[in-house]
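**Q** missing the sequence, but the structure's below:
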């Protein structure tokens, strides 16, 4: 079973990497870019009987830094991938 | 208009960060983890008239390294976020 965890910075937390990308996009001539935020994905291939509660614990204990980050996760259908 | 770009390593490209997370999950006692792959998301807030072709060019020119990475993007509804 594939699970995709999305981890993103909480609103208000400074995102220097996002600012650098924003600046670079403008430098490349792309107009209309209002904001850029960088996050990360963790794609887990888990045993089929893994429940949501276990995935939630993985996020809280390791995958996300809850002080500055939010997370969400979704189960992907068979064969689906980013 | 919000757009989420997902960038992930191509299959077969070594992912040392994913291996470290895999190892750490096992060390924390989570059973049944078969694979872990790390990617990143770029959430763009763009002018409403930005077309897919422009977003595709952003990915190719800056956001993804096409030698080792794949990308995809999706438009998010108003207010939706990771």
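**A** Alright, I've got the coordinates. On a predicted model such as this, the values are computed, not experimentally measured, just so you know.
**Q** Residue numbers of chain A in contact with chain B?
**A** For chain A, the residues in contact with chain B (C-beta under 8 Å from any C-beta of the partner chain) are A:6-8, A:18, A:21, A:24-25, A:28, A:30-47, A:49-50, A:54, A:57-58, A:61-63, A:70, A:72, A:81-82. Placement of C-beta: from N, CA and C, glycine included.
**Q** Next, residue A:47: phi, psi?
**A** The phi and psi values for residue A:47, taken as degrees, to the nearest 10, are phi -60, psi 140.
**Q** In terms of secondary structure, what does the longest strand along chain A contact?
**A** In chain A, assigned by DSSP state E, the strand with the most residues is strand A:33-46. The contact analysis (3 or more C-beta pairs under 8 Å, 6 or more residues apart in numbering or on different chains; DSSP states H and E) places strand A:33-46 against strand A:2-9, helix A:16-27, helix A:52-58, strand B:2-9, strand B:33-46.
**Q** Compute the inter-axis angle for it and strand B:2-9.
**A** Put simply, strand A:33-46 runs at 50 degrees to strand B:2-9, going by axes from the mean of the first three to the mean of the last three C-alpha atoms, to 10 degrees.
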